[in-house]
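J.: quick one, what's the 3D model for this:
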Amino acid sequence: MLVTVTDLRHRVVHLTWRGGTPEATRTVATTPDGRPVVQLPERYRLGAWARVFGVRPEDLAEADGGHMIARDLRDGYVSLPWVGADPVGEYVRQVGVGRLLVAAARPEVPPLPEPVRLVLGLDLALHVGVLDLRRRAGYPLRPDGRWWSVAVRPRDAPVHPDDLPTRPSLASALDDCLTHLADDVAELVHTDPDEPLPVPGSPACEPGTDPVPALVRLAAQHAGRAVTLRVTRAGHTVHRHDDGGVRLIG
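T.: Okay, here's the model as predicted:
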């Protein structure tokens, strides 16, 4: 299997992973059905290559399609069908493709207050969600880190229980939001010719304080539960996603 890691500018690293290559591994967990989970050396961990490129592991994405890199590939974890099975061969089989092209580049996006200003200027709502799973860092079979979502919504739209963060970084969530922004705004902004269209950038909509630090602290206090900040012209509210629905917490 050929893996290419690139910063999409001028730096490229090619890795070849071959089944049957003897490698020293360490057992890090056991699956519920008793199979061992091992960790391969650093050359098989894409998260380690992210640091070589000067980005964070959560900034890695498939260059074709932008899909995030799963934790297994990021940290070199593989479940073996039995003790003594070929770990590299199983790792390659787990990836399931003959070639993988990985972008090691942080999305170039504006800070969060800029989309907030634009959305408020159009009299819409912006929902920013974060899910803190950092306590799972020692559990290789489960997602970890912080997960984010940024979405434009109608002004009066509530926070739905299933609006959960799915992006591994705020930058990637902003990038996803901005990629679809034109279509989202076209669908959400009113079309009544008798109703004036708000102008983005009016004095009432100047960028305010960056809400990210406070939102990160709040998510840490509610670790394991998604927290969503809802921002409109009327102000902002904070909601926690519980098993029974969404609860207003601020």
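J.: break down this structure into its strands, ranges please.
T.: Ranges of strands in the chain, per DSSP state E, are 2-6, 12-16, 26-30, 36-39, 60-62, 77-79, 99-104, 125-133, 145-153, 227-232, 235-242, 245-248.
J.: the helix or strand bottoming out on mean pLDDT in the chain vs strand 145-153, what angle?
T.: None of the helices or strands of the chain scores lower by mean pLDDT, DSSP states H and E than helix 181-188, at a mean of 78. Going by axes from the mean of the first three to the mean of the last three CA atoms, to 10 degrees, helix 181-188 is angled at 50 degrees with respect to strand 145-153.
J.: mind listing what's buried along helix 181-188?
T.: By neighbour count with 16 or more other CB atoms under 10 Å, helix 181-188 contains the buried residues D184, L188. In this view, the C-beta of every residue, glycine as well, is placed from N, C-alpha and C.
J.: still on that earlier bit, I'd like the strands of the chain written out as CSV, with mean pLDDT and mean neighbour count added.
T.: Output for the strands of the chain, formatted as CSV (pLDDT from 0 to 100; neighbours: other CB atoms under 10 Å):
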stretch, mean pLDDT, mean neighbour count
strand 2-6, 96, 17
strand 12-16, 96, 12
strand 26-30, 93, 13
strand 36-39, 96, 19
strand 60-62, 94, 21
strand 77-79, 95, 22
strand 99-104, 95, 19
strand 125-133, 96, 23
strand 145-153, 95, 22
strand 227-232, 96, 22
strand 235-242, 94, 17
strand 245-248, 92, 13
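J.: in CSV: these, plus distance to V116.
T.: Output for the strands of the chain, formatted as CSV (distance: least, CB to CB, whole Å):
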stretch, distance to V116
strand 2-6, 32
strand 12-16, 37
strand 26-30, 41
strand 36-39, 40
strand 60-62, 24
strand 77-79, 37
strand 99-104, 27
strand 125-133, 6
strand 145-153, 10
strand 227-232, 6
strand 235-242, 9
strand 245-248, 20
